[in-house]
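Asks: Below is the sequence, then the predicted model.
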Amino acid sequence: MLLLLVLLLLLLVVVLVLLLLVVVVLMLLMVVGLLLLVLVLLVVVVLLLLVLLLMMMALVLVLLLVLVLLLVLLVLVLLVLVLLLLLQRQQQLLLQQQLRQQRVQQQHCSNSSSTAAAAAPTPAAAAIATAAAPTQQVPFWHSLKLEASCREADARYEQQQQQQQQQQQQQQQQQEGNSISCSRCWLDEYYRRISAFLEFCSKWHARREARTPNT
């Protein structure tokens, strides 16, 4: 569109120049009345108005293109913000799911350990059962995997508990340090005021004794 407008402007300028040349030649060759001059001036004015209109249209098109680009940029920024919020929400959901799975696994491990301890037979009963029962294969690998996962869950739980205890101890130490410093400041201020009051009392008593006559 812009190239077409530029070409049209150039053509109009060329036409104006040619018309002016024709008018000059005609006026030199023959005596033309005022009507011809008026007509030529009117044509020139009309052509100038058309050129101005085309220039205004070009400016309006440029402004519209700039506005469209700004709107596209705003839409892209909003899309990026929405995607970031969705990713953050998804990460939070994944963390919550992991915490729930860990809790369920810990409960399962504690329940399995308690049931295994309660259902463990005595050595004599186990020997009788093994002698009387037919030969069967025990899912040994499954028990090993379950035991390993339980140990890992216990280790993680103990590590979390230790970290929480350390944090609580640090907070308690900080609170104790702050309380001790505050109490020391309060005691220093209290002793300073008492000493100032005693000094004032001693000075007042000394002045009173100096003023009273000796009997």
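Replies: Yes, it's here.
Asks: separation between residue 149 and residue 158?
Replies: Noted for residue 149: a distance of 15 Å to residue 158, by Cβ to Cβ, to the nearest Å. In short, each C-beta sits where N, CA and C put it, glycine included.
Asks: Let me know the next secondary structure element after the helix or strand of the chain with the lowest mean pLDDT.
Replies: Lowest mean confidence among the helices and strands of the chain (mean pLDDT, DSSP states H and E): helix 123-132, at a mean of 44. Toward the C-terminus, helix 123-132 is succeeded by helix 140-211 as the next helix or strand (DSSP states H and E).
Asks: Remind me what that following helix packs against, helices and strands.
Replies: When contacts are defined as 3 or more Cβ pairs under 8 Å, 6 or more residues apart in numbering; DSSP states H and E, helix 140-211 sits against helix 34-118.
Asks: between the helix it packs on and helix 140-211, how big is the angle?
Replies: Here the directions of helix 34-118 and helix 140-211 differ by 100 degrees (axes from the mean of the first three to the mean of the last three Cα atoms, to 10 degrees).
Asks: Which strands or helices does helix 34-118 pack on?
Replies: helix 2-29, helix 140-211.
Asks: got the ones you listed as CSV, with distance to residue 52, mean pLDDT and mean neighbour count columns?
Replies: Output for the helices and strands packed on helix 34-118, formatted as CSV (distance: least, Cβ to Cβ, whole Å; pLDDT from 0 to 100; neighbours: other Cβ atoms under 10 Å):
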stretch, distance to residue 52, mean pLDDT, mean neighbour count
helix 2-29, 10, 71, 12
helix 140-211, 76, 77, 11
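Asks: I'd like the ones you listed as CSV, with distance to residue 76 appended.
Replies: Formatted as CSV, the helices and strands packed on helix 34-118 follow (distance: least, Cβ to Cβ, whole Å):
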stretch, distance to residue 76
helix 2-29, 25
helix 140-211, 42
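Asks: closest to residue 66 out of the ones you listed?
Replies: Relative to residue 66, the nearest member of these by Cβ to Cβ is helix 2-29, separated by 13.1 Å.
Asks: tally of neighbours for residue 105?
Replies: Residue 105 has 17 neighbours, counted by other Cβ atoms under 10 Å.
Asks: any idea how far the closest residue to it other than its chain neighbours is from residue 83?
Replies: In space, and not counting its chain neighbours, residue 105 is closest to residue 153: 4.9 Å by Cβ to Cβ, 6 or more residues apart in numbering. Relative to residue 83, residue 153 is positioned 35 Å away (Cβ to Cβ).
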